[in-house]
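*Asks:* Have a look at this prediction, sequence included:
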Amino acid sequence: MIDVSIIIVSWNVADMLLDCLESIEAAQTRHPAISLEVIVVDSASQDDTVARVRQRFPQVRLLSQTENVGFTRGSNLGLAQARGRALFLLNPDTLIIGEAISLMLAHLDTHPQVGIVGPHTLNGDGSTQSSRRCFPTRRIAFFESTWLQSLAPQRWLDDYTLAQADDRATLDVDWVQGSALMLRRAVYEQIGGLDEAYVMYYEELDFCKRAKDAGWRVVYLGQAQIIHHGGASSEQSGAWKHIHFQRSKLRYFRKTYGPSFAALLRSFLLMSYGAQLLLEALKGLLGHKRALRRQRVDVYLQVLRDGLLVT
C-alpha cells in the first residue's frame, strides 16, 4: 500500500500549485523510502492549471472537474480515489518544509490512538499562523471573526487558540487547520469524508469533532512545518467568502448546540452586517474612501440578501 496520498483541491492558482508540487517532489527526494501519490482535484480552473500540471508533473493523478465543486466536495473526490494508508489534505497555496511529511507519518505510525495530525504552519514571512484550536463555545460564536472580536477578553481568545502553548510543542488539541491535515485511513473508513454541506470553512472543525467523538486523538505536531500563504482561492469569491463562512459557522453551531442557538446567532450576524452596512454608507457619504465604502456596502448587501439560511 502507498504510504501517503496527498490530496490537493485547486482553483485558478496555477503558480502556487506548481510551487506546492515542487516542494512535495523535493520532500519525496529526501525520503525515497516513503511512497507518495499526489492527487490534484482541479475545480474547473479558468487559468492554465491543467495543462501546466500535466506537462510538469505527469505522475500526478489529475482529476479535472467541469464545474467548481468547492473544497469539501473536491476533497471527498480525492479521498475516494486515494490509496494511501495515510491521507494528507493539503491546500495548493502551501509549501512543504523539510521533514514535515515524514514526521507526521511517523507520529501516526508510533501513536495508534492518534487519528489526525496537523503541522506547525507558518505565514510567508516566517511568522506562526494560528492553526490549532479548542472547540468553539457558544460564547466564542459571538466574538470569533465578528465586529465584537476586538472587545472580547483576550483570555477567552487565547484559550480558544491555545495561544500560550509553545509553537514547537506536540499537543493534543480539538482541531487543526484544514490547510494541512493528515489522517490515518482508518479514520476515513470509520467516519467518512468531509461534510459537503460546508462549501468552505468549518469543514475541518466538523471533521475533527466527528473523529474525536469516534474516539480518535487529534494532535498538533510543532516540529513538522509548512508554509501557508492563505486565502488564494477564497479571495476570488468576494461576497461569497463572507456568505460561505457565516453559513458554515451557523451549520456547525446548529449541529453542535441546536437550532434555537443557531437562530439566535443568525439574527446577531445579520444585525451585525446591517450595522456595518450603515456605517460604511455613512463614511461614504462623508467622502471618506468612497470607492472602498461602495465595495463594502455591496458585499454586505449581498450577505443580507442571502439571509445566511442553512439547509
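*Replies:* Ah, there it is.
*Asks:* shaky segments in this protein?
*Replies:* 231-238 (pLDDT under 70).
*Asks:* Could I get the full set of helices for it?
*Replies:* For the chain, the helices defined by DSSP state H cover 14-30, 49-56, 70-81, 100-110, 138-141, 154-161, 185-191, 203-213, 239-257, 259-285, 290-306.
*Asks:* Mind checking these for the one nearest to residue 147?
*Replies:* The closest of the helices of the chain to residue 147 is helix 259-285. By CB to CB, the value is 5.7 Å. (C-beta placed from N, C-alpha, C; glycine too.)
*Asks:* could you give the angle of that closest one to helix 290-306?
*Replies:* If you take axes from the mean of the first three to the mean of the last three CA atoms, to 10 degrees, helix 259-285 sits at 150 degrees to helix 290-306.
*Asks:* mind listing what's buried in helix 259-285?
*Replies:* 262, 265-266, 269-270, 272-273, 276-277, 280-281, 283-284 (16 or more other CB atoms under 10 Å).
*Asks:* What of stretch 53-71?
*Replies:* 53, 57, 60-63, 65, 68-71.
*Asks:* will you turn the buried residues of helix 259-285 into a markdown table that also has distance to residue 84?
*Replies:* A markdown table is the format used below for the buried residues of helix 259-285 (distance: CB to CB, whole Å):
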| residue | distance to residue 84 |
| --- | --- |
| 262 | 36 |
| 265 | 38 |
| 266 | 39 |
| 269 | 39 |
| 270 | 43 |
| 272 | 42 |
| 273 | 42 |
| 276 | 44 |
| 277 | 47 |
| 280 | 47 |
| 281 | 52 |
| 283 | 52 |
| 284 | 52 |
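*Asks:* quick one: which of the residues you listed is nearest residue 240?
*Replies:* Residue 240 has its nearest neighbour among the buried residues of helix 259-285 in residue 273, at 14.0 Å by CB to CB.
*Asks:* show me the residues around the closest one that make contact.
*Replies:* Applying CB atoms under 8 Å, 6 or more residues apart in numbering, we find residue 273 in contact with 242, 300, 303-304.
*Asks:* 6 Å instead, please
*Replies:* 300, 303-304 (CB atoms under 6 Å, 6 or more residues apart in numbering).
*Asks:* Select only the buried ones of the residues you listed in PyMOL?
*Replies:* Selecting only the buried entries of these in PyMOL, with 16+ other CB under 10 Å as the criterion:
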select buried, resi 300+303
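*Asks:* check contacts around residue 224.
*Replies:* Contacts here follow CB under 6 Å, 6+ apart; on that basis residue 224 touches 100, 103-104, 119.
*Asks:* Quick one, which of those are buried?
*Replies:* Judged by 16+ other CB under 10 Å, buried ones among those: 100, 103-104, 119.
*Asks:* Just put these in JSON lines and tack on distance to residue 254.
*Replies:* Output for the buried ones among the contacts of residue 224, formatted as JSON lines (distance: CB to CB, whole Å):
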{"residue": "100", "distance to residue 254": "35"}
{"residue": "103", "distance to residue 254": "37"}
{"residue": "104", "distance to residue 254": "32"}
{"residue": "119", "distance to residue 254": "30"}
